[in-house]
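Engineer: no FASTA, just this:
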């Protein structure tokens, strides 16, 4: 819901908001430039009487003196029928240069305020400010939600390039954009008279003026008692009209000055509305607050970047998202399907169920689990189809589900069925589905069926679940669920080089590098590649040790007994090709920022870690803990790692081996290095672990021991987003 | 202030005995090519000393900017009844404003003047940009302005 509140206005108003932001950024430079070219005077240094006296000696035909908020003094004069305007030095009254407002600034201002469309344009610009406000607020809420609360707003960011930069720029410029949007909205409201700006209240023209000869302007007492810094405008009396007076406008109020007696007449101080207007005007334009103007301008420059990355993010989400037909609204659906999916494959199953229930005459609503609303007024049954991410964690589209369920509850007695999708190779098979099942029971739902699972996208198991469901629901026709998992769009890759390790220690491991004849798709180290072995309908996933910038796709593969895909890859000849696709894994990569990174791995787990080090061009501190068998045989990436140490991409290498004299595992090394590790963690280090499930388990135990004196645990680091695993 | 308005009204009442003796006059104001936003104009009648008598036309819709038409603003006291029904849009650089207004016969050839005050955002104000005697002889003869007005003609 919040997301729609962010992306919809973003899409509608992207161009408008960009236009306003860019023109605003250009205009923001003006006050600073003006300040640079004007002479500033200290308070009490110069009064308006003195200035007028000096100006009078250079410009006998002066009609008006103006001082801009940024301190430029302009004299308007009329001499021998020639009218002119001149910037003057307030200290001498001497003309500096003719004053001509810049046509470029005026053009830019027109664009910014009304898009050259007059009054309707002012309305459009006002709407732009409103959009900006909505986007800033909803964006901030989304970011806080994603980072786990406002206190964590400055936590390191993860995700794809667009995700990271969208959030990074967003949190940097948020306050500036809020200020610009709110003040812009206020100014728009005053333009349309919705809010009074106090400018209508003119002081009454004086009824009585002293008779007699006019005093020299420098002797007028009212002018002498006005500081130059308070001056806005001094208008001289019409020449030849003895009934006329000076008008004096200052930052505090407006009035008239008797040219004969020099007294202030009909003085009217600005009302609060006027003062508020002046303040907000200053905050928006930076006139008289040049540094704020520049800051706001810089913030505004973030808008085009965020618009572009935002649209990219939306487009990718849309392309990846489910394509639902006949999706009924949440409040009127009798059947609700919620989906927990990491990479959208679960959505395929959900769509099949959705269509089948729709065919059977039901009103069906499908949504990601994170959209859990608690109240589904017309719902008679609830289906949850969810995958499990990593080590029993929620998949991306379900990350908020358990918290929301706790908060919003469930309609008492609502019949529900949970289907877990996973892979039995993993120890925590469908772990998250179990958690959801338990939580729903506890919240007061009543199960339609027990928890069922589908292993490795099995069409048969899914169809069987459908039949059981149809019986429970007492449908007239059996509920036939036919779902063939869609094979992702794959590319052809050609094996170009191979480095062989570990033959002598019975752990043959190959580092394989592939090239794509048709051009590389974008990927990063830590992403996954799904490889189809011949005649295998299901892909096998490997972590990538390279990014597309490296020009090759690199993986590190150990040959397993009976492993179809690893045997296929080990037997592959140079020049032979494979069929593979990229699956982004943005959660597993170093966060932005300069905090130290602790990389922990064993065996082929080194692959993505080596990729991270290779890409560490900024030379952030990176510490690698890695375990192998024998340095003589399976020290994977040894030459590269030594090179990275030499050029400081890698700060420290701690390699241990299990088949040598004093055998040691990576967990042991962590414990013996506890002091150094604690120091790194205290400096805000993040931990990335890659390797087998058993090793990852051992690492957690070891690190919990290391962290105990700091009152920390792996669980807390995980909650802070500082501990990420890629395990297999 | 109130006294002045009252006095002005009284003067108008004497000077304008009835609309029967009024006629239509066409005012044509051609602006120069200047760089800047649309100009606000006040076209009004003064006596020989420049004392405000009557507003003929105000170009510019936002009353909050009227104070920049300085002399006119002072004379009229910016009292809305002074310009009710005789205002319209502001006039762009190089454009011509042509309006027809009612004018009492008693103001013609009686020592009165037509004046124009002008103002453009962020630019100088044109006080008495145009100032011409209101006479039957002057009808149809263009007068030049000093600030934003290029030429001004009234046709009785």
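Structural biologist: That came through, no problem. Note that the structure is a prediction, hence the values are computed from the model and not measured. Numbers count the residues shown, from 1 in each chain, chains lettered A, B, ... in the order given.

Engineer: what's near enough to touch residue A:314?
Structural biologist: Counting by Cβ atoms under 8 Å, 6 or more residues apart in numbering or on different chains, residue A:314 touches A:7, A:10-11. Where C-beta positions appear, they are placed from N, C-alpha and C, glycine not excepted.

Engineer: how does it look with 6 Å?
Structural biologist: residue A:7 (Cβ atoms under 6 Å, 6 or more residues apart in numbering or on different chains).

Engineer: What distance do you get for it to residue B:81?
Structural biologist: Relative to residue B:81, residue A:314 is positioned 56 Å away (Cβ to Cβ, to the nearest Å).

Engineer: try residue A:718
Structural biologist: Distance from residue A:718 to residue B:81, by Cβ to Cβ: 75 Å.

Engineer: what about the two, which has more around it?
Structural biologist: residue A:718 (17 against 11; other Cβ atoms under 10 Å in any protein chain shown).

Engineer: Assumed that one was part of a helix.
Structural biologist: Yes - per DSSP: H, G, I helix; E, B strand; the rest coil, residue A:718 lies within a helix segment.

Engineer: Can you tell me the number of residues neighbouring the closest residue to chain B within the stretch 551-700 of chain A?
Structural biologist: In the stretch 551-700 of chain A, no residue comes nearer to chain B than residue A:592, which is 43.8 Å away by Cβ to the nearest Cβ. Residue A:592: 15 surrounding residues under other Cβ under 10 Å.

Engineer: what's the answer for residue A:264, then?
Structural biologist: Using other Cβ under 10 Å, residue A:264 is surrounded by 20 other residues.

Engineer: Could you pull out the helices in chain B for me?
Structural biologist: With DSSP state H as the criterion, chain B has helices at B:2-15, B:70-76, B:80-83.

Engineer: Could you identify which of these has the lowest mean pLDDT?
Structural biologist: Of all the helices of chain B, the minimum mean pLDDT falls on helix B:2-15 (a mean of 45).

Engineer: What separation do you get for the most centrally placed residue in chain B and residue B:144?
Structural biologist: For chain B, the residue nearest the mean C-alpha position is residue B:43 (1.2 Å; Cα atoms, centre = their mean). Distance from residue B:43 to residue B:144, counting by Cβ to Cβ: 15 Å.

Engineer: quick one on the thing from earlier: helix, strand or coil for the residue of the stretch 551-700 of chain A closest to chain B?
Structural biologist: Of the three states, residue A:592 takes coil according to three-state DSSP.

Engineer: Surely it and residue A:157 touch.
Structural biologist: Yes - the pair formed by residue A:592 and residue A:157 meets the contact definition of Cβ atoms under 6 Å, at 5.3 Å.

Engineer: who touches both of the two?
Structural biologist: With Cβ under 6 Å, 6+ apart as the test, residue A:592 and residue A:157 both reach residue A:164.

Engineer: What number of neighbouring residues does residue A:172 come out with?
Structural biologist: Neighbour count of residue A:172, defined by other Cβ under 10 Å: 13.

Engineer: Wait, a strand at it?
Structural biologist: No - counting by three-state DSSP, residue A:172 is not found in a strand; it is helix.

Engineer: Excluding covalently adjacent residues, which one is nearest to it?
Structural biologist: residue A:302 (6.7 Å; Cβ to Cβ, 6 or more residues apart in numbering or on different chains).

Engineer: Pull out the buried residues from the one helix or strand residue A:356 maps to.
Structural biologist: Per DSSP states H and E: residue A:356 is located in helix A:345-359. Buried residues in helix A:345-359, counted by 16 or more other Cβ atoms under 10 Å in any protein chain shown: A:346-358.

Engineer: Check stretch A:366-380 too.
Structural biologist: Neighbour-count burial for stretch A:366-380, counted by 16+ other Cβ under 10 Å, picks out A:366-373, A:376, A:379.

Engineer: now do stretch A:436-446
Structural biologist: In stretch A:436-446, counting by 16+ other Cβ under 10 Å, buried: A:436-437, A:439-440, A:443, A:445.

Engineer: contacting residues for residue B:31?
Structural biologist: B:91, B:95, B:148, B:150.

Engineer: so what's it bridging to?
Structural biologist: residue B:149 (DSSP bridges).

Engineer: how near is it to residue B:66?
Structural biologist: Using Cβ to Cβ, we find residue B:31 at a distance of 18 Å from residue B:66.

Engineer: same thing with residue B:84?
Structural biologist: 13 Å.

Engineer: Ok, residue A:310 next?
Structural biologist: 44 Å.

Engineer: what's the answer for residue B:128, then?
Structural biologist: Distance of residue B:128 to residue B:66, computed by Cβ to Cβ: 16 Å.

Engineer: Need the nearest residue in space to the residue of the stretch 301-450 of chain A found nearest chain B, chain neighbours excluded.
Structural biologist: Taking Cβ to the nearest Cβ, chain B has its nearest neighbour within the stretch 301-450 of chain A at residue A:301, 25.2 Å off. Distances taken as Cβ to Cβ, 6+ apart place residue A:25 nearest to residue A:301, at 5.0 Å, with adjacent residues excluded.

Engineer: related to what we said a few turns ago, can I assume the residue nearest to the centre of chain B is in contact with residue B:115?
Structural biologist: No - with contact defined as Cβ under 6 Å, residue B:43 does not count as touching residue B:115 (7.6 Å).

Engineer: re earlier: what is the burial count for the residue of the stretch 301-450 of chain A closest to chain B?
Structural biologist: Going by other Cβ under 10 Å, the residues that sit close to residue A:301 add up to 17.

Engineer: Can you report phi and psi for it?
Structural biologist: Main-chain torsions, residue A:301, degrees, to the nearest 10: phi -60, psi -20.

Engineer: returning to what we had before: taking the buried residues of stretch A:436-446 one by one, which sit in strands?
Structural biologist: Residues of the buried residues of stretch A:436-446 located in strands (DSSP state E): none.

Engineer: Now tabulate these in JSON lines and tack on pLDDT and distance to chain B.
Structural biologist: As requested, these are exported to JSON lines (pLDDT from 0 to 100; distance: Cβ to the nearest Cβ, whole Å):
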{"residue": "A:436", "pLDDT": "95", "distance to chain B": "61"}
{"residue": "A:437", "pLDDT": "95", "distance to chain B": "66"}
{"residue": "A:439", "pLDDT": "95", "distance to chain B": "61"}
{"residue": "A:440", "pLDDT": "94", "distance to chain B": "62"}
{"residue": "A:443", "pLDDT": "92", "distance to chain B": "60"}
{"residue": "A:445", "pLDDT": "92", "distance to chain B": "62"}
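
Engineer: Closest to residue A:653 out of those?
Structural biologist: Using Cβ to Cβ, residue A:436 comes nearest to residue A:653 of those, at 41.8 Å.

Engineer: Now for the closest one: which residues touch it?
Structural biologist: Counted by Cβ under 6 Å, 6+ apart, residue A:436 has contacts A:384, A:418.

Engineer: Next one: it from residue A:341, what distance?
Structural biologist: From residue A:436 to residue A:341 the distance is 13 Å (Cβ to Cβ).

Engineer: what's the nearest residue to residue A:288 if we skip its chain neighbours?
Structural biologist: The spatially closest residue to residue A:288, leaving aside those adjacent along the chain, is residue A:69, at 3.5 Å (Cβ to Cβ, 6+ apart).

Engineer: if I've got this straight, that neighbour is in a strand?
Structural biologist: No - using three-state DSSP, the secondary structure at residue A:69 is coil, not a strand.

Engineer: wait, is residue A:75 part of a strand?
Structural biologist: Yes - judged by three-state DSSP, residue A:75 forms part of a strand.
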